[in-house]
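Peer 1: build me a structure from this.
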Amino acid sequence: MNLLQTILATVFWISAFGIFYSYGLYAAIIRIASTIFGPSQAPQLLGDDQLPTVSLLICAHNEQDILEKRIHNALSSDYPKDKLEIVIASDGSRDQTCAIVRQFVDRGVRLIEFIENRGKATALNESIPQLRSSLVVLSDANTMFQPNAIRSLVRWMSDPQIVAVCGKLLLTDPATGKNADSMYWKYETFLKRCEGKLGALLGSNGAIYAIRRDQFVPIPSVTMIDDFVIPLVARIKFGGKIVYDEQAIATELTPEDLTSEFNRRARIGAGGFQAMDVLWPLLSPTRGWIAFTFFSHKILRWFCPG
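Peer 2: Residues are numbered from 1 along each chain as shown. Predicted coordinates:
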């Protein structure tokens, strides 16, 4: 075997091991690590009188088809009504989005209207400082919460070491309404569960997560995957943990066509590389478990095919 063949063979086997490690071996390692080193996590149970005020923020751009249903869903939360602020931030909508929100103003729903469409990252940067509560739950217009979802997220935040809480997202079939979680999604949920036990969860589901308003760090306006970047930037600046709560459940319909799903995955992939500009400090070994999960679960994945 000549030198060129040796180099090519070495590259091939390193690449093959990287794929095997990232998609297979890592799952086994993180399962064992979370079992041995993951502390038993039990959020504090709070009565209604102990619950803090919360702002539910939903960014929307031309969401007239689903927004009324989403607002009714938010109003049906079992969180105390006098402690829940529901805010819709319209990012330059040109349809009836703002008109729909105004129909609910007398029920306490608040509209933040941006005339120009400048992207979700900018809408978040400018909306979050305007919220009235110290805790913020972020969600999407096409996401539906179970009644106890906000209560489940918030109960963790009495621990000052927790900077963000990620809820569980279930995917449903638009035709039947039944659970449509793929094997890949179940696999990713399993990894979230293990990483969460180690306090090393990587970002959140944009559909359902909670952060502290005073720990929100404005993100670049071009950010593609804000739900990934926001909690991790907060962790870089303030330390602490990001945890996963399987009792805080939200549902979303799966994309109706392969083109939509392809575009979504392409955006996530491109957004991952883009996020390295601000998230590279997480690779420092001094960050503990999150350096391991970030490299194994994200960095290697981004360089893998498929």
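
Peer 1: C-alpha only now, for contacts and for neighbours.
Peer 2: Will do.

Peer 1: end-to-end on stretch 113-132?
Peer 2: 16 Å (C-alpha to C-alpha, to the nearest Å).

Peer 1: so for that stretch, mean pLDDT?
Peer 2: The pLDDT scores in stretch 113-132 average 96.

Peer 1: what's the offset of it from the middle of its chain?
Peer 2: From the chain centre to the centre of stretch 113-132 is a distance of 18 Å (C-alpha atoms, centre = their mean, to the nearest Å).

Peer 1: kindly report the same for stretch 83-99.
Peer 2: So, by C-alpha atoms, centre = their mean, the centroid of stretch 83-99 is 20 Å from its chain's centroid.

Peer 1: tell me how many other residues crowd R31.
Peer 2: 17 (other C-alpha atoms under 10 Å).

Peer 1: that one: what's it in contact with?
Peer 2: Listed by C-alpha atoms under 8 Å, 6 or more residues apart in numbering, the contact set of R31 reads 191, 194.

Peer 1: I'd like the next helix or strand past the host helix or strand of L171.
Peer 2: According to DSSP states H and E, L171 maps onto strand 162-172. Using DSSP H and E, the helix or strand that directly follows strand 162-172 along the chain is helix 183-197.

Peer 1: on that earlier part again, the inter-axis angle of the strand holding L171 versus helix 183-197?
Peer 2: 160 degrees (axes from the mean of the first three to the mean of the last three C-alpha atoms, to 10 degrees).

Peer 1: let's have the chain start at 32 instead
Peer 2: I'll keep to 32 as the first residue from here, and by that count the last item is strand 193-203.

Peer 1: export only the CA atoms of strand 193-203, formatted as CSV.
Peer 2: Extracted in CSV, the C-alpha atoms of strand 193-203 (Å, rounded to 0.1, in the frame of the first residue of the first chain):
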residue,chain,number,x,y,z
ILE,A,193,-31.2,26.7,35.9
VAL,A,194,-31.0,29.1,33.0
ALA,A,195,-33.5,27.4,30.7
VAL,A,196,-36.0,24.6,30.6
CYS,A,197,-36.9,22.7,27.5
GLY,A,198,-40.3,21.0,27.1
LYS,A,199,-41.2,18.0,25.1
LEU,A,200,-42.6,18.4,21.6
LEU,A,201,-44.8,15.7,20.1
LEU,A,202,-45.4,15.6,16.4
THR,A,203,-48.8,14.7,15.1
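
Peer 1: quick one: mean pLDDT for it?
Peer 2: Per-residue scores along strand 193-203 average to 91.

Peer 1: which stretches of the protein form strands?
Peer 2: Along the chain, counting by DSSP state E, strands occupy 85-91, 115-122, 140-145, 166-171, 175-176, 193-203, 240-243, 272-284.

Peer 1: with mean neighbour count and distance to S327 as added columns, please give those strands in a markdown table.
Peer 2: Putting the strands of the chain into a markdown table (neighbours: other C-alpha atoms under 10 Å; distance: least, C-alpha to C-alpha, whole Å) gives the following:
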| stretch | mean neighbour count | distance to S327 |
| --- | --- | --- |
| strand 85-91 | 23 | 31 |
| strand 115-122 | 24 | 35 |
| strand 140-145 | 18 | 39 |
| strand 166-171 | 23 | 27 |
| strand 175-176 | 23 | 31 |
| strand 193-203 | 24 | 20 |
| strand 240-243 | 25 | 23 |
| strand 272-284 | 22 | 17 |
